[in-house]
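Peer 1: model the structure of this input:
(3 chains)
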Amino acid sequence: MLVDMGFSVEMIARAIEENGPNAETSVIIDTISNYSKHCEASSSKSKTIDHFLAMGFDEEKVIKAIHEHGEENTEQIADSLVSCAVVSCAAEELPKVKEEDDIDWSDSDNEINYSDFLSSDDEKHLDSSLGNSSQVLDLVKMGYSKLEASLALERCGENVSTADLVDFICAAQIAREAPEFHADPEERKPRHDVKKRRIEPKREPRLSTDADEPVRLPNPMIGFGLPNEPGLITHRTLPDLARGPPYFYYENVALAPKGVWETISRHLYDVAPEFMDSKYLCAAARKRGYVHNLPISNRFQIQPPPKYTVQEAFPLTKKWWPKWDERTKLNCILTVTASAQLTNRVRNALEAHSGEPSEATKRYVMKECKTWNLVWVGKNKAAPLEPDEMETLLGFPKNHTRGGGMSRTERYKSLGNSFQVDTVAYHLSVLKPLFPNGINVLSLFTGIGGAEVALHRLQIPMKTVVSVEISAENRNILKDFWEQTNQTGVLIEFADVQELTTSRIVELMKRFGGFDLVIGGSPCNNLAGGNRVTRSGLHGEQSVLFYEYCRILEVVRETTARMRRS
DNA sequence: GAAAGAATGAATTGGCAT
DNA sequence: ATGCCAATTCATTCTTTC
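Peer 2: This next block holds a predicted model:
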C-alpha cells in the first residue's frame, strides 16, 4: 500500500535513517503529505488527514489508514489507528512489517488479480518470506530498524544468512554516510597527482549527496566529462541502493530553486546528479541535471556530431552576422519565442541611423538577441528560430514535431520542454554493448520522445517502449516517429502516470520480461526560472509529479528483484 | 475559437571590487 | 567575508488578431 503511495519501505527506511531513529519524520511526512495531495487530487483528503492529526495520531499512520479504508470511512480509520497505537505500545511492531510486505504485493484494490500471473515460485516466495520474519526479528534485536531489516531481506533475497543481511545493512550505511568510501580510487589519490586534474581543478564530482551539504553546480558544467576532452571521469561507485537493474535516468532543470536537487537526489537513492550544459555538445545552452545509475565509462557521441556553433549550424546566417554580435552559442531554447514584430523593431532600431549603430543601439539589439535567441537571417534582420531549426539544435530529425495536429506555437512549447538528444544519447551510449539484442524501456513524461530518438540514433534496438505522456499531440508525434523509423518493437502509450498502477506495471513487466531502463524528465514548470507566476518548487502542481517517477521506479525495482529471484 | 503577440520579475549564480 | 552588478532562465496569463 505504501508503494502505491509512492513510498516504498526502502524510502521510508532511508528517510528515517537520515533523520535519526527517533527524530522527527518531517521529511517523510512532508513528502507523503505532499504526494498524497497530488495523488488524491482533492483537498478533502488532506482535510481528513488534518482531522486525525488534530487527534494526535502519527501522520504516517493516518495516511496509511486512510488509504486502507478510504477517506470516507472515518470510523474504520479511527479503529485502525487506535489498534495500531495499541500494537505500538506493546513494542512489537514486527507483524506490521510483514503486513506491509504482503499488502505491497496482494493489494486487492487493483483491478488485476495477482494470482493470475504470479507463478507458483512467487507464491512460494511470499510464504517463505513470511517464514523469514524471524530474521527480521533478529535484526531488530540487534538494533536495526524494522524497515531497515525488511529492506535488507527484500534486496538480498530469502536464502541468506542473518550475517549476510547485517553485511548488507552495514554496506548500505557506509555507502550513504561516507562519500569517500566509494570515490573512484583514481580520483582519491592524494595530491601528488595534481597534473591529472590540472585541467579542471574545481570539477571534482561529489559521488554521494550529503543531506546537509547543498548541491553545488559544477563550473564548467560538464558532468563526468566531455567526449574527446581530457579530464574524463570514467568510474564512480554508486550507493549500493542505487544499483540496477533496472537502469534509471532522470532529468530536470539544473537551475532549480535551492534544495530541490538535494531532495531529488535523496529520493533517487542518494545518487549525485550529473550536471551538464548541452552547449558543450551542440550550439545551444541547456543546463540540466541528470540523476542516473548508468555506467560512465566508454561513452560515445552519436554520429554525426551536431554543429558546435550557431554559425556552423545555420551557415546562411554567417553572411548577415554582425561583428559586434560575438555569440557563437545560443541560450537555452525555451517554450515561447519572439514574435515576428520583434524582428521589425530590431531592424528599425538598426536602420534609424546609417553606418555603424551606436553603442546604445547595439546594447538594445544584443539584449533582444540574447533574450529571444535571435539569429541573423538578413541585413539587419534578426529573427527567432524556426521550429525545424530548433529540432536540429536539439538533435531531432527535421519536421519531427510537424503534423500531429500541432500549431506552430505548440511546437515551440513541446520543443522547449524536450531533451537535447545528443546529450542524453551521450549518457545512454554505454547501454549499447550491454543490450545488443534490444532494450525494454519505460519512458515517463515522454514529451516528443527525446529518449526514444536518442536510443534510435544510438542504434540500440527498442524491443518495447511503454510511454507515458499527457499531451495527445506529443503522443501522436512519438507514434509517427515509431512508424516512420520502421521500428520493429512494441510501442504502448499511456496518457497519465496515474494509469500506471502497481498492478499494471507488474503486468507489463511480466508480459515483456521487465524493464531495462526507466527514463524521464518530470515537469519543470514550477522549477524553471522563466516562470514568474508559479515557481513554487518541487511540490508545485506539475513538478510534484517527480514523486510519480519515484513511485513507478520503485515498483519496477522491486518487481525486477522478484522476477530475478524466481 | 484558435493562434499569435505582449506583458508579467524573481531566483540564483558568477565575477569582481571592496 | 560582503556587496554590487551582470547574466540567465524546459513559463503563465491576458490581449489582440485572424
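Peer 1: can you classify the residue nearest to A:Val253 when sequence neighbours are not counted as helix, strand or coil?
Peer 2: Take A:Val253 and drop its neighbours on the chain: the residue closest to it by CB to CB, 6 or more residues apart in numbering is A:Cys524, 4.7 Å away. Every C-beta, even on glycine, is put in place using the N, C-alpha and C of the backbone. What DSSP: H, G, I helix; E, B strand; the rest coil gives for A:Cys524 is coil.
Peer 1: could you check how far A:Cys524 is from A:Pro227?
Peer 2: 26 Å (CB to CB, to the nearest Å).
Peer 1: neighbour count for those two, which is higher?
Peer 2: A:Cys524 (25 against 14; other CB atoms under 10 Å).
Peer 1: pLDDT at the more buried one, what is it?
Peer 2: Looking at A:Cys524, its pLDDT is 98.
Peer 1: can you check A:Gly514 too?
Peer 2: Taking A:Gly514 on its own, its pLDDT is 98.
Peer 1: that one against A:Arg557, yeah?
Peer 2: No - here A:Gly514 does not reach A:Arg557: they are 10.4 Å apart, not a contact under CB atoms under 8 Å.
Peer 1: now do the shared contacts for these two.
Peer 2: Both A:Gly514 and A:Arg557 are in contact with A:Pro246, where contact means CB atoms under 8 Å, 6 or more residues apart in numbering.
Peer 1: where does A:Asn252 land in three-state SS?
Peer 2: Applying three-state DSSP: A:Asn252 is strand.
Peer 1: my read: it touches A:Gly520, true?
Peer 2: No - counting by CB under 8 Å, A:Asn252 stays clear of A:Gly520, with 9.8 Å between them.
Peer 1: hmm, back to that, between A:Gly514 and A:Arg557, point out the one with more neighbours.
Peer 2: Neighbours were counted for A:Gly514 and for A:Arg557 using other CB under 10 Å; A:Arg557 has more, 24 against 19.
Peer 1: coming back round to it: residues contacting the residue nearest to A:Val253?
Peer 2: Contacts of A:Cys524 by CB under 8 Å, 6+ apart are A:Asn252, A:Val253, A:Ala256, A:Asn417, A:Ser543.
Peer 1: run a quick neighbour tally on the residue in chain A positioned nearest to DNA strand C.
Peer 2: Across chain A, the shortest distance to DNA strand C (CB to the nearest atom of the strand) belongs to A:Gly529, at 2.1 Å. The number of residues packed near A:Gly529 is 14, by other CB under 10 Å.
Peer 1: now the longest helix belonging to chain A: buried residues?
Peer 2: In terms of residue count, the longest helix belonging to chain A (DSSP state H) is helix A:546-565. Residues of helix A:546-565 classed as buried by neighbour count (16 or more other CB atoms under 10 Å): A:546-560, A:562-563.
Peer 1: kindly identify which of these also come near DNA strand B.
Peer 2: With CB under 7 Å from any atom of the strand as the criterion, the buried residues of helix A:546-565 include none near DNA strand B.
Peer 1: for A:Gly244, report the pLDDT, please.
Peer 2: 83.
Peer 1: for it, what are its contacts?
Peer 2: By CB under 8 Å, 6+ apart, the neighbours of A:Gly244 are A:Asn293.
Peer 1: what about it, which SS state?
Peer 2: For A:Gly244, the assignment made with three-state DSSP gives coil.
Peer 1: ok, it to A:Glu326 distance?
Peer 2: The value you get for A:Gly244 to A:Glu326, if CB to CB is used, is 44 Å.
Peer 1: what does stretch A:447-457 contact?
Peer 2: Here stretch A:447-457 makes contact (CB under 8 Å, 6+ apart) with A:249, A:302, A:394-397, A:400-401, A:414-415, A:417-421, A:424-425, A:428, A:431, A:439, A:441, A:443, A:446, A:462, A:465, A:467, A:469, A:471, A:474, A:477-478, A:481-482, A:485, A:487, A:519-521.
Peer 1: tally of neighbours for A:Ala284?
Peer 2: Taking other CB under 10 Å as the definition, A:Ala284 ends up with a neighbour count of 23.
Peer 1: was I right to think it contacts A:Lys329?
Peer 2: Yes - if you go by CB under 8 Å, A:Ala284 and A:Lys329 touch, sitting 6.5 Å apart.
Peer 1: shared neighbours, the two?
Peer 2: Joint contacts of A:Ala284 and A:Lys329 (CB under 8 Å, 6+ apart) are A:Val310.
Peer 1: who in the stretch 351-500 of chain A is up against DNA strand B?
Peer 2: A:Ser407, A:Arg408, A:Thr409, A:Glu410.
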